[in-house]
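S.K.: Below is the sequence, then the predicted model.
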Amino acid sequence: MNKWGIEDKSINEINLKEGLTEVWNIINKYRPVGPAIIKDIANFVSLNGDYTSAIILYVFPQFEGVSENKIRQFVEELKKSTIKDFSKNEEVLKNFVGDFFGISLE
């Protein structure tokens, strides 16, 4: 984050660096992504404090072609993470996954 010029600050009760590490580990279980996606997430979260929208903007487009089951597991793992933003915005995640992928998370 230092190389990217992004300050490690507390966002929603978790340090950005810790949150990004957790998010990157979860993402890579289902669809390996490189550091460019994480940099985009870091910039977005640093400015907006919103992990859910960052996942919708930068990660879900990378999940095209991933099985429905893996997408469901990914969302469940996000909601169980230490980043409370995901469980707080569960409906936003469900609605986006339904609209974008045509998958019901009910």
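M.R.: That came through fine.

S.K.: So Asn25, which state does it fall into?
M.R.: helix (DSSP: H, G, I helix; E, B strand; the rest coil).

S.K.: Quick check: pLDDT value at it.
M.R.: On pLDDT, Asn25 comes in at 97.

S.K.: can you check the one 4 residues further on too?
M.R.: We have a pLDDT of 96 for Lys29.

S.K.: What strand or helix carries it?
M.R.: helix 16-30 (DSSP states H and E).

S.K.: do the same with Asn69
M.R.: helix 68-80.

S.K.: tell me what that helix is packed against?
M.R.: In terms of contacts (3 or more Cβ pairs under 8 Å, 6 or more residues apart in numbering; DSSP states H and E), helix 68-80 is packed against helix 16-30, helix 84-88, helix 90-101. In this view, the C-beta of every residue, glycine as well, is placed from N, C-alpha and C.

S.K.: Now distance to Glu76 and mean neighbour count too, for these, in JSON lines please.
M.R.: Below are the helices and strands packed on helix 68-80 laid out as JSON lines (distance: least, Cβ to Cβ, whole Å; neighbours: other Cβ atoms under 10 Å):
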{"stretch": "helix 16-30", "distance to Glu76": "10", "mean neighbour count": "17"}
{"stretch": "helix 84-88", "distance to Glu76": "10", "mean neighbour count": "17"}
{"stretch": "helix 90-101", "distance to Glu76": "10", "mean neighbour count": "15"}
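
S.K.: want to throw those into TSV with distance to Glu68?
M.R.: Compiled in TSV, those are given as follows (distance: least, Cβ to Cβ, whole Å):
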stretch	distance to Glu68
helix 16-30	12
helix 84-88	19
helix 90-101	7
